[in-house]
Each structure stands twice: as C-alpha cells, then as structure tokens.
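Chemist: Dropping the sequence and predicted coords here.
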Amino acid sequence: MRHGPGPPGLRNLRVAMPLRDGGWLTFATALPESGASFSRQFIIAMFVMALIIVAVSVWAVRRMTRPLASLAAAAERLGRDGQAPPLPETGTVETVQAARAFNAMQVRLRALIDNRTRLFSAVSHDLRTPLTLLRLRAENVENREERDRMVATIAEMDAMIGAALSYARDDASGEPSRPTDLTALTQSIVDDLAATGMPVTLDPPAGPAVRDCRPPALKRALVNLIDNAVKYGKAARVSVASEAGGVTIAVDDDGPGIPEAEIARVFEPFYRVEASRSRDTGGVGLGLAIAKSIVESHGGTLVLRNRSGGGLRAEVALPKQ
Ligand code: ADP
C-alpha cells in the first residue's frame, strides 16, 4: 500500500496484492488530503439534533414514569390517609390497569378497616351493659372492702371501654384535612386548658405555621400529651417551632420521666409504667397510643425523650407536605 501526491487537495492511494499465479492485483484511488473535516454548519446541525434527541428522550421518559410517581405518592398517602381520593384512571393501558387495581385495593382496605372499627366499637359498646349489671351486683356485696375493690375495678374497666370507644369513633369519623395554623391551634389548646386551671404555658411562638391537618384529631393528640405532662410532671411547657423541614410541637415537664427500657412500650395500648399503675393517676394507658396513631396518620412522628435536666419531652414532628 502506498500513498503519493495526487491532484490538488487529493492524494493517491495505490494497493498491490500478489496473487497465487505470480501475478499482481493492483488498484489505485484518490483520497482527500486531510481526514474527514466537519464544517461549522455540520457541527451546529449535530448539536441541535443531539439537543432534540435528549429533549425528546427526557419528555418520553417523564411521560412514562409520571404515572409510576403518582402511584408511589398515592401508596404513600394511603398509609396515612385512608380517605385519600382515588387515582385518575388515565394514560396507557398498563397505567390505567395499575391505577384501577390500586383504587380497588384502596376501596377494599377502607371497607376492611371500617368493618373492624365497627366490630370494635360494637363489642366495646355491648360490654357496657353487662358491666353495669356487674356494678349493681357488686354494690350488694356485704364485705365493704371487697365491694369497694370490685366497684373500683369495674369503674376502671368502664373507663377503658370509654377510651376505646372514643378512639374507635375518632378513627371512623374520617374528618377531612384542611390548612390550619398549628401555632394558633396550639395557642388555643393551651389557653383552653389553662382556663380550666391546668398549669400549662406556651413559649412565645415565632409565627404562623400553616399545614394541612385534621384539627380536632391533632388537638386530641396534643391534649393527651399535655394531660400526661400535668399528670406525671405537675406542669406542661409547650413550644412550637417552624423550620424548613416542617413543624415541631414539644411538650416538656419536670416530672420523673420514663425509664429508658419502657419508653417504647408506653405507646402500646393499655400499657402503663408500674409507678403509674400503683399511683392514682386515673389513666387507662390509651393516651399515648391514640396520640401516636393520630400524629402518624398526619405523616409525622411522636418521640418521647427523657430530658437531660430531668423530666420528659414529648415531641410531635410534622413534615412539610
Ligand atoms: P395513661 O396516662 O392513661 O396511663 P398514656 O398512654 O397516656 O396512658 O401513658 C402511658 C404511660 O406512660 C403512663 O401510664 C405513664 O406511666 C407514662 N407516661 C406518659 N407520659 C408521661 C410523662 N409525661 N411523665 C412520666 N410518665 C409518663
């Protein structure tokens, strides 16, 4: 193979190959002097084409994954809000099928939960009649000490049933979420409780903290926490902090706190720390379970922490939506 000068701007290329019979196969051609050159227009055209291809690809990928993203968001919402609206059944055949299956699952789940809640409230409600009869019979017991103990136990059972019933009713009410200023809500709760003579104070709040929530439910959760702080820690100090990540409402007290080993267990329904069971604090052990379930149904967390200086801090953290 040999290169040689050719006509202007070109160079010759000759190739010769020996053949078996002793002869040669040769051919020659003219090639451009330099390698392939790219003109300005060519580069611009390639660049514009690449841009169009990237834009079309991004659009197509987005279009294909958008239904997946809304499915994921709906699944996440379902865990918190059983009353969430159904997914729109639009798009490709596959996305319509997925949305339809998801909506059907949501309806079935809601029916299942409603059914269980109804059963739970019916059982709790029906237990009250035999309990009343039992109390009437207990009041006829001759031995006074025995009678008082029986009546106290029955009253405790009645309180537990009452708490369970109100829990079931709240759960079934399905009140809608609406934008609410959590600072104002906390302020009104503290004012109402303080007006009844409870030792509750609110640290000066920074400003409004608006977020979607179910105000009566959130109020119940906060009242339970404040109630505990007053019951076990003598007084409650409430504070509201609004940060970029969301809103934190803390309830502090100067009481004995909760032994570290029991902190996770106090969220279990009807669980009470030994000291509270023996003390006459009047609770049934549902307050924290209810508060936790309400906060989590808002997508938030409820954490209990023993404060370094003594006392307990109950912290409700509600993320931004
Ligand atoms: P209840 O107050 O009706 O017993 P809760 O579910 O509200 O039920 O609380 C469970 C247990 O957690 C209480 O019995 C108590 O032992 C403990 N507890 C809750 N809050 C506090 C607190 N602020 N300080 C100390 N112990 C607490």
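Modeler: Received, thanks.
Chemist: helix/strand/coil for whichever residue of the stretch 51-200 of the chain sits closest to the ligand?
Modeler: Residue nearest to the ligand within the stretch 51-200 of the chain (C-beta to the nearest ligand atom): Ala163, separated by 7.6 Å. Bear in mind the C-beta positions are built from the backbone N, C-alpha and C, glycine included. Using DSSP: H, G, I helix; E, B strand; the rest coil, the structure places Ala163 in helix.
Chemist: ok, it - contacts?
Modeler: Residues counted as contacts of Ala163 (C-beta atoms under 8 Å, 6 or more residues apart in numbering) are 284, 286, 290.
Chemist: and if we set it to 6 Å?
Modeler: Ala163 makes contact with 284, 286 under the criterion C-beta atoms under 6 Å, 6 or more residues apart in numbering.
Chemist: For Ala206, see how far away the nearest residue to Leu286 once chain neighbours are set aside is.
Modeler: Using C-beta to C-beta, 6 or more residues apart in numbering and skipping the chain neighbours, the partner closest in space to Leu286 is Ala163 (4.3 Å). To Ala206, Ala163 is 34 Å away according to C-beta to C-beta, to the nearest Å.
Chemist: again with Ile189
Modeler: With distances taken as C-beta to C-beta, Ile189 is found 17 Å from Ala206.
Chemist: For the two, work out which one has more neighbours and name it.
Modeler: Neighbour count, other C-beta atoms under 10 Å: between Ile189 and Ala206, Ile189 has more, with 21 against 12.
Chemist: Stretch 241-254 and the ligand, are they touching?
Modeler: Yes: using C-beta under 6 Å from any ligand atom, stretch 241-254 comes into contact with the ligand via Asp253.
Chemist: Show me what that stretch is in contact with.
Modeler: For stretch 241-254, the external contacting residues (C-beta under 6 Å, 6+ apart) are 182, 186, 209, 225-226, 229, 233, 236-240, 311-320.
Chemist: Weed out the non-buried ones from those.
Modeler: Buried members of the contacts of stretch 241-254, counted by 16 or more other C-beta atoms under 10 Å: 182, 186, 209, 225-226, 229, 233, 236-240, 311-318.
Chemist: Secondary structure class of the residue in the chain positioned nearest to the ligand, three-state.
Modeler: The ligand sits closest to Gly283 of the chain, with a gap of 2.0 Å, by C-beta to the nearest ligand atom. At Gly283 the chain is in coil, as set by three-state DSSP.
Chemist: Could you pull out the strands in the stretch 101-250 of the chain for me?
Modeler: 178-181, 200-202, 210-213, 236-243, 246-252 (DSSP state E, counting those that start in this stretch).
Chemist: Please identify the deepest-packed of those strands.
Modeler: Comparing the strands of the stretch 101-250 of the chain by mean neighbour count (mean count of other C-beta atoms under 10 Å), strand 246-252 ranks first with a mean of 22.
Chemist: State the paired neighbours of it in the sheet, together with their directions.
Modeler: The pairing partners recorded for strand 246-252 under DSSP bridges are strand 236-243 (antiparallel), strand 312-319 (antiparallel).
Chemist: Save the ones you listed as a markdown table, and put in mean pLDDT too.
Modeler: Converted to a markdown table, those look like this (pLDDT from 0 to 100):
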| stretch | mean pLDDT |
| --- | --- |
| strand 236-243 | 93 |
| strand 312-319 | 95 |
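Chemist: what's the closest of those strands to Phe120?
Modeler: Proximity to Phe120, assessed across the strands paired with strand 246-252 by C-beta to C-beta, is greatest for strand 312-319 (25.3 Å).
Chemist: What lies in contact with the closest one?
Modeler: With C-beta under 6 Å, 6+ apart, strand 312-319 has contacts from 225, 246-253, 257, 295, 298-305, 307.
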